[in-house]
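return atomic coordinates for the entry below.
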Amino acid sequence: MATFTKLSSTTIILLTILFLILYNHPSRTETPHHYATPSKDGIRIPKKIWYKVGPKGLSADSATWVEECMHKNPSYSVQMLTDETGDEYVRARFGLRPDIVHTYLALQIPILKADLLRYLLLYSEGGVWSDLDVSCEVPIEEYVSVEYAGRAGLVVGWEFDVGWGENIMRQFASWTIMAEAGCVHLGVVIDDIVDAVREKAEMFGVGIGELSVEMAGDVIDLTGPRRLTRGVLKSLGNVRGEKFDVESVSRLGKPVLVEDVLILPGFAFAASSNNYEPGEWNVTGPALVTHHYAGSWKNHHGGEM
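Sure thing, here's the model as predicted:
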């Protein structure tokens, strides 16, 4: 097994430059399609990893985790966006949705933009979103079994599911998300965020660009994991014509496919956030990623400025 050591500052700078060169400047203006079909190898989710780097660039730890993930997934392309290229991408790809473009560009709170951007990128082109403080424990091709590869258009994993008691507010982890292009469930999440941000600004009588962290309130609820969870479950309810029962996919010991959404157990994307008592659970499969909780968004600005 390969080992990865701390990288020098020079290496980090070179890696950052390399990642930004790898990102193709967005010049296409077509709108994303709404339904994707399996590729020639039967996989609906493109082999592409999306990252977003802040103004301070990659930390030493993040550079190591990204390098490790690239090493384990040589057949995947890597797209790393900055604040500037993220803005350009949204302008180019969502020109026919001025409400999305206006909301995204007007937002001044970094974490709200980062949350919205991940959903927009996956909706537009599909692939795998990964926060910079996530390390790949196994190759991405092992995240979804052959049984589900041709049927899963969205892959999410529980962040809180087991070991939190009966009254836990379950939510999907948003640091790792896999999706096909045009995923209708992410479309619902995006629309709900645009509406929620507009309503929040109207509540305080300010423009979207004037929203502060204090006005935004609970980021996890407004644009983060809870918003993702509510939107996906709402969309599944729309597909089924009835409110989706979250209890039917909770306390999981193995993946469950609902329509085209593959829901992974808590140990898959959030092993440290779930407590499986020995002997009580027939847990199948390893932890797929590790979230290192090194995010920089928990401050007065809501991220790096």
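
helix or strand: which one has residue 123?
If you go by DSSP states H and E, residue 123 is part of helix 110-125.

CA atoms only for that helix - export them in CSV, please.
Written as CSV, here are the backbone C-alpha positions of helix 110-125 (Å, rounded to 0.1, in the frame of the first residue of the first chain):
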residue,chain,number,x,y,z
PRO,A,110,-18.3,31.8,1.2
ILE,A,111,-19.9,28.6,2.7
LEU,A,112,-23.3,29.4,1.2
LYS,A,113,-21.7,29.8,-2.2
ALA,A,114,-19.6,26.6,-1.7
ASP,A,115,-22.7,24.6,-0.8
LEU,A,116,-24.7,25.9,-3.8
LEU,A,117,-21.8,25.4,-6.1
ARG,A,118,-21.4,21.7,-5.4
TYR,A,119,-25.0,21.1,-6.3
LEU,A,120,-24.7,23.2,-9.5
LEU,A,121,-21.6,21.4,-10.7
LEU,A,122,-23.0,18.0,-10.1
TYR,A,123,-26.3,19.0,-11.8
SER,A,124,-24.5,20.4,-14.8
GLU,A,125,-21.9,17.7,-15.5
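
pull the distance from the very next helix or strand once past it to the chain's centre.
Later in the chain than helix 110-125, the nearest helix or strand by DSSP H and E is strand 127-130. Remark: strand 127-130 is offset 6 Å from the chain centroid, using CA atoms, centre = their mean, to the nearest Å.

and strand 127-130, C-alpha only, in CSV?
Extracted C-alpha coordinates of strand 127-130, given in CSV (Å, rounded to 0.1, in the frame of the first residue of the first chain):
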residue,chain,number,x,y,z
GLY,A,127,-19.3,13.3,-11.1
VAL,A,128,-18.1,13.2,-7.5
TRP,A,129,-18.0,16.2,-5.3
SER,A,130,-15.4,16.1,-2.5
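
show me where this protein has strands.
For the chain, the strands defined by DSSP state E cover 48-52, 77-81, 127-130, 134-136, 154-160, 171-172, 176-179, 256-258, 261-264, 289-291.

deepest-packed of the ones you listed, please.
Compared across those, strand 176-179 shows the largest average neighbour count, a mean of 26 (mean count of other CB atoms under 10 Å). For the C-beta atoms, the positions are set from N, CA and C on the backbone; glycine is no exception.

identify the residues contacting that one?
With CB atoms under 8 Å, 6 or more residues apart in numbering as the test, strand 176-179 has contacts from 45, 118, 122-123, 126-131, 134, 140, 143-144, 152-157, 186, 228, 269, 288-289, 291.
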